[in-house]
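[1] Sequence first, predicted model second:
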Amino acid sequence: MTFDQRDKIWESSFEIYYDCYFEEMIADHLLYRWCLLDDINKWLIAITASSSAIAGWTLWNEPGLKLVWAFLASTSAFLAITHSALGVQQRIKNWEDAKKSFVALRIELNSLRQDMTIEPEFVIEDIMKRMKSLRSRYCDQMSRLSPDTLRTRKLEFKIQDTLNKTIADQIQG
């Protein structure tokens, strides 16, 4: 049995490709969650804003709707305070940037893998140079990620399962 360095490069390129795809999917999911929270917050603030106070006073005088208005107003106030404290806008920007970076890396890694498939006798040094550059960019992007309260182990397992199903043909191939 002979050792072929190209096989190891192929395996290594898949590992980085998989990790980039995983982080891209995590970023996409977290971006969706933070944007949803942001949209809900904006709507509640708009509904309960001072321009809507007259509507609130009207609802306040209705026995059945008094509780509804109190709930909406208190929820809106709570979200307005926590929205700023959680840095929702900055998190959205960070996850947008992360997603863009991981998408670009995944596409470049896919291109690298296609090049290796098209030219199976590729020049090892050339491919390794590209791989090292992509790996370095991946590490840089990972170091920029901040901890996020919405990134849970449960979410990571869910994303990993989805990713495994999405690229099952590449995993088994």
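    Thanks, I have the structure now. On a predicted model such as this, the values are computed, not experimentally measured, just so you know.
[2] In contact with the closest residue to M131 other than its chain neighbours, which residues?
    Excluding its sequence neighbours, the residue lying closest to M131 (Cβ to Cβ, 6 or more residues apart in numbering) is S13, at 6.2 Å. From N, CA and C alone the C-beta is placed, and that goes for glycine too. Counting by Cβ atoms under 8 Å, 6 or more residues apart in numbering, S13 touches 109, 112-113, 116, 131.
[3] And what about S13, helix, strand or coil?
    helix (DSSP: H, G, I helix; E, B strand; the rest coil).
[4] which stretches of this protein aren't confidently modelled?
    Residue ranges of the chain with pLDDT under 70: 1-3, 47-60, 65-66, 172-173.
[5] which residues in it form helices?
    5-48, 53-60, 63-86, 88-118, 124-144, 153-166, 168-172 (DSSP state H).
[6] List the buried residues in the third one.
    So that's helix 63-86. 69, 72-73, 76, 79, 83, 86 (16 or more other Cβ atoms under 10 Å).
[7] For it, name the packing helices and strands.
    Helix 63-86 sits against helix 5-48, helix 53-60, with contacts defined as 3 or more Cβ pairs under 8 Å, 6 or more residues apart in numbering; DSSP states H and E.
[8] Can you tell me how far the most centrally placed residue in the chain is from L112?
    With distances taken as Cα atoms, centre = their mean, the chain has A27 as the residue nearest its mean C-alpha position (0.8 Å). Distance check for A27 against L112: by Cβ to Cβ, to the nearest Å, it reads 21 Å.
[9] returning to that earlier point: relative to R135, how far out is the residue nearest to M131?
    In terms of Cβ to Cβ, S13 sits 9 Å off from R135.
[10] what does L79 give?
    41 Å.
[11] likewise I171?
    20 Å.
[12] Neighbour count for the two, which is higher?
    Neighbour count, other Cβ atoms under 10 Å: between I171 and R135, R135 has more, with 17 against 12.
[13] so what's the more buried one up against?
    So R135 contacts I16 (Cβ under 8 Å, 6+ apart).
[14] Count the residues that sit near Y21.
    Residues lying near Y21 (other Cβ under 10 Å) number 21.
[15] thought Y138 was touching A104?
    No. Using Cβ atoms under 8 Å, Y138 is not in contact with A104, being 10.7 Å away.
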